[in-house]
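K.L.:
Based on what follows, work out the 3D shape:
(2 chains)
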Amino acid sequence: MKIATWNVNSIKARLPRVLEWLDDFSPDVALLQELKCVDEAFPRMEIAEKGYHIATHGQKTYNGVAILSKDPIEDLQIGLPGFEEDIQARYIEATIRNVRIGCLYLPNGNPTPGEKFDYKLRWMDHLVVRAKELIASEQKFILAGDYNVCPKDEDCYNPALFKDDALCRPESRSRYRQLLNLGLTDAFRTFKPSGPDYSFWDYQGGAWQKDNGVRIDHLLLSPQAADILVACEIDRKPRGKQKASDHTPVWCQLAA
DNA sequence: ATGGTTGTGTTACAA
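P.N.:
Residues are numbered from 1 along each chain as shown, chains lettered A, B, ... in the order given. Presented below is the predicted three-dimensional model:
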């Protein structure tokens, strides 16, 4: 079972890239972020034609998350449980083939300090609470998406430049580590314990050509899911194409 | 350097 996460930066602008990726990579589950459209505007028909069930949580202009799945989508949950007052469309969760899967788009949080950074930290606190609940259920689960967190300096091409960036701030990193300390596994680091491997490159300044990137898209696995993890990779190919998203897909394979 | 990307949706804001 291949599960991929991809911040597409507008599903409307990215539809040709997404459709060719579904053909080429053929994920069993695709978790998309930054749809930038309401549910009614999601290109449901084009994606269903590729053989996917679809669940979306959209919003006008900003944010928006979706789950695409070859298998039926069960027990759909819209929004982060316990954070019902959040009006931004940043979380969707469902069960697919007996695996609980959360698709998240964490707030960017810049500039720091400020209201946006406070919102990011509050959002992460609620995510930790949700992760604790899922851990207690002892089921196979994955929390994947655009975390907007560089876990360590090695996940950033220029840590000094990002010293005060919300992606690298100690407050963001400590909350990310809280998730790991609950027993969650960073699927990517299971196979590549160290090194510069990025999932986002800014559109500006030739960042992609210079490999000036950051690793901020993650798949975190519960112990029961990590037990059956067989692969995890960053697929750089989509980032090199015309009209690319600024993020590239990250995927893992479970023996399920 | 007086620059600089992309997307949304109207001309500023978010990333």
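K.L.:
if you skip the residues just before and after it, what's nearest to A:Pro27?
P.N.:
A:Ala4 (4.2 Å; Cβ to Cβ, 6 or more residues apart in numbering). Using the backbone N, CA and C atoms, a C-beta is placed for each residue, glycine as well.
K.L.:
which residues of chain A fall in helices?
P.N.:
Here chain A has its helices, by DSSP state H, at A:11-25, A:44-48, A:115-136, A:170-181, A:187-191, A:207-210, A:223-226.
K.L.:
Please see if the first one touches DNA strand B.
P.N.:
Same thing as helix A:11-25. Yes. Judged by Cβ under 7 Å from any atom of the strand, helix A:11-25 comes into contact with DNA strand B through A:Lys12, A:Ala13, A:Arg14.
K.L.:
Relative to the whole chain's centre, how far out is that helix?
P.N.:
17 Å (Cα atoms, centre = their mean, to the nearest Å).
K.L.:
for it, packing partners?
P.N.:
Under the contact criterion of 3 or more Cβ pairs under 8 Å, 6 or more residues apart in numbering; DSSP states H and E, helix A:11-25 touches strand A:2-7, strand A:29-33, helix A:44-48.
K.L.:
Just confirm yes or no for the longest one near DNA strand B.
P.N.:
Okay, so that is strand A:2-7. No. Strand A:2-7 stays clear of DNA strand B (Cβ under 7 Å from any atom of the strand), getting no nearer than 7.7 Å.
K.L.:
what's the average pLDDT for that strand?
P.N.:
Averaged across strand A:2-7, pLDDT comes to 98.
K.L.:
Also stretch A:131-144?
P.N.:
Summarised as a single mean, pLDDT over stretch A:131-144 is 98.
K.L.:
That one: which residues count as buried?
P.N.:
Buried residues in stretch A:131-144, counted by 16 or more other Cβ atoms under 10 Å: A:Ala131, A:Leu134, A:Ile135, A:Lys140, A:Phe141, A:Ile142, A:Leu143, A:Ala144.
K.L.:
Any chance of TSV for the residues you listed, columns distance to A:Ala48?
P.N.:
Formatted as TSV, those follow (distance: Cβ to Cβ, whole Å):
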residue	distance to A:Ala48
A:Ala131	31
A:Leu134	29
A:Ile135	34
A:Lys140	26
A:Phe141	26
A:Ile142	23
A:Leu143	26
A:Ala144	22
